[in-house]
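In: next one to model:
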Amino acid sequence: MYRKTYARIDGKILENNVKEIVKKYDQYKYYFGVVKNNAYHHGIKVINNLIQGGVNYLAVSSLEEALEVRKYNSEIPILVLEPIDLEFIDDAINGKVTLTVADLEYLKQLNQLEVSFEIPIHLKVDSGMNRLGLKSASEMNEAVKIIYKNNKLYLEGIYSHFATTGVLDYHYDKQLKTFKEIVADIDLKSIPIVHLDRSLTMVTHEKLDFVNGVRLGIVLYGFSGSRNVGKGLKNTLRNIKRNLYLKRHHVSKTILQNDLKLQTAFSLYSEVVSIRKVKRDECVGYNASYKVKNDAYIATLPIGYADGVTKEFGFVSIRGKKYPIVADSMDMTMVLVDETIKIKDKVEIFGDTISIRIVASRLGTNVYHLFNQISNRVPRVHIEDEDEMEIQY
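Out: Purely as a prediction, here's the structure:
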């Protein structure tokens, strides 16, 4: 790398996360690793770490992402979660991908194609998110009939997606009821793969007896979804209020805490490329946005909002000590430091000293958004035990 700004991705941590999940939630046959958007920006190379841990199916957003996965693994099944334009069906077949069928018109067009190979299909059910999927039992029944009459179409799976975790809301139960109504005429035991849960519904609800697959997203990357119930009078009153709400709205049993032992594999670093001594009342950054109160030192880092880092991150860590970010720009960030800091000092944006959870909280966002905020112009350095490999995406 030409500038010492990079994301460090520890593959062994991801592998161990999957092993921990599979050990704790061992009732499933299919563990889908959701690796859309460059594996939550960890870099698609990590798919083999996930597979080594126990993932046996992958899920991506688009055909482009599926074909990128194929550069690193030629065999693992891949479900594309969005409809693929049938203009590119040959690329999909050659890439050995599984199609999502989310409406009847798309299926009818697919049914008319002359193809040489069997196409695996997962039917998507719209159970209430109103994004994609079949919306009624009649649509589902017609779809199944079409597929079973075409020996080049293979109904491998049926799935849906929960919009909420069902914790302190009734939407999970409402969606589950809708799903059951839509598939009421289908023998789900005859469907090889049925998957509804995502990471956060897996940990907050007991396994549904008719599913055998689960889609693992954010949990793979170190976030268990466990909630701190807490003790004391305030938390006791909160729990009483919660239980009354659950009873009043007939919300099914939810699980707030789990004992998954997961770690984050993604940490972000830069370095000091300049140190300037500035005098009291001098200004720093665009729009003279920060005025120095006393004589001080400003360190400049080669990372900025084009990389996904803004002054709202709050602090960086240098030599184990936190220093405030005072200004940012597209490619550089300015930090208020002291005389101990030197050019070429390594800077942690988030990692061991400043956790990604803390940064997300400061930004008023969640870790999903923060992972995806770090742009692909930041090289990913993949760690495999003692080996390091820089990947440019």
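
In: by mean pLDDT, flag the weakest helix or strand of the protein.
Out: helix 233-248 (a mean of 72; mean pLDDT, DSSP states H and E).

In: only alpha carbons, please: show the very next helix or strand once past that one as CSV.
Out: Note on helix 233-248: by DSSP states H and E, the next helix or strand toward the C-terminus is strand 266-271. What follows is strand 266-271, C-alpha atoms only, in CSV (Å, rounded to 0.1, in the frame of the first residue of the first chain):
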residue,chain,number,x,y,z
PHE,A,266,-12.4,-5.6,11.4
SER,A,267,-10.1,-2.9,12.7
LEU,A,268,-9.1,0.3,10.9
TYR,A,269,-5.7,2.1,10.9
SER,A,270,-3.9,5.1,9.5
GLU,A,271,-0.7,6.9,10.3
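
In: who's in contact with the following helix or strand past strand 266-271?
Out: Per DSSP H and E, the first helix or strand lying C-terminal to strand 266-271 is strand 274-278. Contacting residues not belonging to strand 274-278 are listed as 284, 292, 295-300, 337, 341-343 [CB atoms under 8 Å, 6 or more residues apart in numbering]. C-beta: built from backbone N, CA, C; applies to glycine.

In: repeat that for 7 Å
Out: Around strand 274-278, the neighbours that count as contacts under CB atoms under 7 Å, 6 or more residues apart in numbering are 284, 292, 296-300, 341, 343.

In: figure out how far the next helix-or-strand element following it is from the centre of its chain.
Out: Where DSSP H and E defines the elements, the next helix or strand beyond strand 274-278 is strand 283-284. With CA atoms, centre = their mean, to the nearest Å as the basis, strand 283-284 stands 38 Å off its chain's centre.

In: show me where the stretch 251-393 of the chain has its helices.
Out: Along the stretch 251-393 of the chain, counting by DSSP state H, counting those that start in this stretch, helices occupy 356-363, 367-373.

In: would you format those helices as a markdown table with mean neighbour count, distance to A66 and mean pLDDT included?
Out: Converted to a markdown table, those look like this (neighbours: other CB atoms under 10 Å; distance: least, CB to CB, whole Å; pLDDT from 0 to 100):
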| stretch | mean neighbour count | distance to A66 | mean pLDDT |
| --- | --- | --- | --- |
| helix 356-363 | 17 | 27 | 94 |
| helix 367-373 | 18 | 19 | 90 |
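
In: domain ranges for the protein, per the record?
Out: Following automatic domain parsing, one gets these domains for the chain: 11-248, 266-354.

In: Throw these into JSON lines and include mean neighbour count, thanks.
Out: Shown next, in JSON lines, are those (neighbours: other CB atoms under 10 Å):
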{"stretch": "domain 11-248", "mean neighbour count": "18"}
{"stretch": "domain 266-354", "mean neighbour count": "17"}
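
In: possible to save these as CSV with distance to V381?
Out: Below are the domains of the chain laid out as CSV (distance: least, CB to CB, whole Å):
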stretch, distance to V381
domain 11-248, 9
domain 266-354, 9
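
In: relative to V367, which of the ones you listed is closest?
Out: Of all these, domain 11-248 sits nearest to V367, with 5.8 Å by CB to CB.

In: do you know which of the helices of the stretch 251-393 of the chain lies nearest I76?
Out: Using CB to CB, the nearest of the helices of the stretch 251-393 of the chain to I76 is helix 367-373, at 21.8 Å.

In: which elements pack onto that closest one?
Out: helix 36-40, helix 356-363 (3 or more CB pairs under 7 Å, 6 or more residues apart in numbering; DSSP states H and E).

In: of all the ones you listed, which one is nearest G213?
Out: It is, among the helices and strands packed on helix 367-373 and with distance given as CB to CB, helix 36-40, at 16.7 Å.

In: ok so, going back, of all the domains of the chain, which one is nearest D385?
Out: Nearest to D385 among the domains of the chain is domain 11-248 (6.4 Å), distances taken as CB to CB.

In: farthest-separated two in the contacts of strand 274-278?
Out: Farthest pair in those, by CB to CB: V292 and I343, 19.6 Å.

In: tell me the contacts of I383?
Out: Counted by CB under 7 Å, 6+ apart, I383 has contacts 8-11.

In: and it, bridged to which residues?
Out: When assigned by DSSP bridges, I383 has beta-bridge partners D10, E388.

In: so how far is T5 from it?
Out: Applying CB to CB, to the nearest Å, the value for I383 to T5 is 17 Å.

In: where does L155 land in three-state SS?
Out: Reduced to three states with DSSP: H, G, I helix; E, B strand; the rest coil, the structure at L155 is strand.

In: please apply the same query to N73.
Out: Strictly by three-state DSSP, N73 counts as coil.

In: just checking, it touches I47?
Out: Yes: the criterion here is CB atoms under 7 Å, and N73 meets it with I47 at 5.8 Å.

In: verify the contact between D197 and N212 for me.
Out: No: counting by CB under 7 Å, D197 does not reach N212; the two are 11.0 Å apart.

In: any regions of the stretch 201-350 of the chain where pLDDT drops low?
Out: Where the stretch 201-350 of the chain drops to pLDDT under 70, the residues are 229-231, 235-236, 249.

In: re earlier: going through the contacts of I383, which ones are buried?
Out: The neighbour count (16 or more other CB atoms under 10 Å) marks 8-11 as buried among the contacts of I383.
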